[in-house]
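Novice: Here is a sequence together with a model predicted from it:
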Amino acid sequence: MNREGQVIVSEEEESPMPMGDKELVARARTGDQAASEALVRRYQEKAYTIAYNMCFGDSEEAKEITQEAFLRAFRSLKSFRGKSSFYTWFYRILVTTCLDWRRRQSRWKRIFSFWRREQREKAPSKEGYEEYPEPQEHSNPMTALNNKQLAQEIRKAIQSLPERQRIAFQLKVLNGMRIHEIAQIMGAAEGTVKSHLFRATHFLRDALQEWVQP
């Protein structure tokens, strides 16, 4: 209050400090919708990026996976004991959701592979036609073609990695996570994560050696 008797609102009162994960989780457990929404806003972008990379650039699938992971997390919130950070616990659920999605996709591909093969055989022949990459303004056609081929080779090589090597590589290289974070998410020792990364890196280097400039 100043000399004129007016109440002065401090900057801290105008802009309260955001709540930490621990308090938000405690409130979300009681059904506080605002707390749940705050957790989603805090981790949604990072979660989407992880899902996007793990499903190899399919934005729609990444959105569905991210949403499903949040739903799983909030349904299981009472099981969160706080032994690790919330985001580590949540990202572990996210990675599991991504892996479940990949397994479902693989299962459906096997089921419909015969049907797709028949459809291709019935489709009109494209013999005599050439496929070109979509033209882009000011782009060199050969550069665009090479970039597209390289992206396909990288994707194929990453998909060829054993599951845990692939997860470690994607979380570290594509999502910029630290070794100890990846270890917590994967439920593995840091040394094991480093081993996965070492093997994945050497495999990818060998698989893509023809693209490496001499």
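Specialist: That came through, no problem.
Novice: For residue 192, which non-adjacent residue is spatially closest?
Specialist: residue 183 (7.4 Å; C-beta to C-beta, 6 or more residues apart in numbering). Backbone N, C-alpha and C define where each C-beta goes, glycine included.
Novice: and the nearest residue to residue 76 once chain neighbours are set aside, what does it touch?
Specialist: Distances taken as C-beta to C-beta, 6+ apart put residue 93 closest to residue 76, at 7.3 Å, once the chain neighbours are dropped. Residues near residue 93 by C-beta atoms under 8 Å, 6 or more residues apart in numbering: 69, 72-73, 76.
Novice: For residue 190, give me its contacts.
Specialist: Residue 190 sits next to 179-180, 183 when contact means C-beta under 8 Å, 6+ apart.
Novice: Where in this protein is the helix or strand with the lowest mean pLDDT?
Specialist: Every helix and strand of the chain was ranked by mean pLDDT, DSSP states H and E. The lowest is helix 11-14, at a mean of 45.
Novice: helix or strand right after it?
Specialist: Next along the chain after helix 11-14, taking DSSP states H and E as the criterion, comes helix 21-29.
Novice: residues in contact with the helix or strand following that next one?
Specialist: Later in the chain than helix 21-29, the nearest helix or strand by DSSP H and E is helix 33-54. With C-beta under 8 Å, 6+ apart as the test, helix 33-54 has contacts from 18-19, 21, 23-25, 27-28, 58-59, 61-63, 65-66, 69-70, 74, 86-87, 90-91, 94-95, 97-98, 102, 167, 170-171, 174-175.
Novice: Kindly report the same for stretch 192-209.
Specialist: Contacts for stretch 192-209 (C-beta under 8 Å, 6+ apart): 150, 153-154, 157-158, 160-161, 164-169, 172, 179, 182-183, 186, 188, 212.
Novice: In strands only, show me those residues.
Specialist: Members of those lying in strands (criterion: DSSP state E): none.
Novice: What residues sit buried inside stretch 174-190?
Specialist: 175, 177, 181-186, 188 (16 or more other C-beta atoms under 10 Å).
Novice: thinking again about what came up before, narrow the contacts of helix 33-54 to just the buried residues.
Specialist: 19, 21, 24-25, 27-28, 61-62, 65-66, 69-70, 86-87, 90-91, 94-95, 97-98, 102, 167, 170-171, 175.
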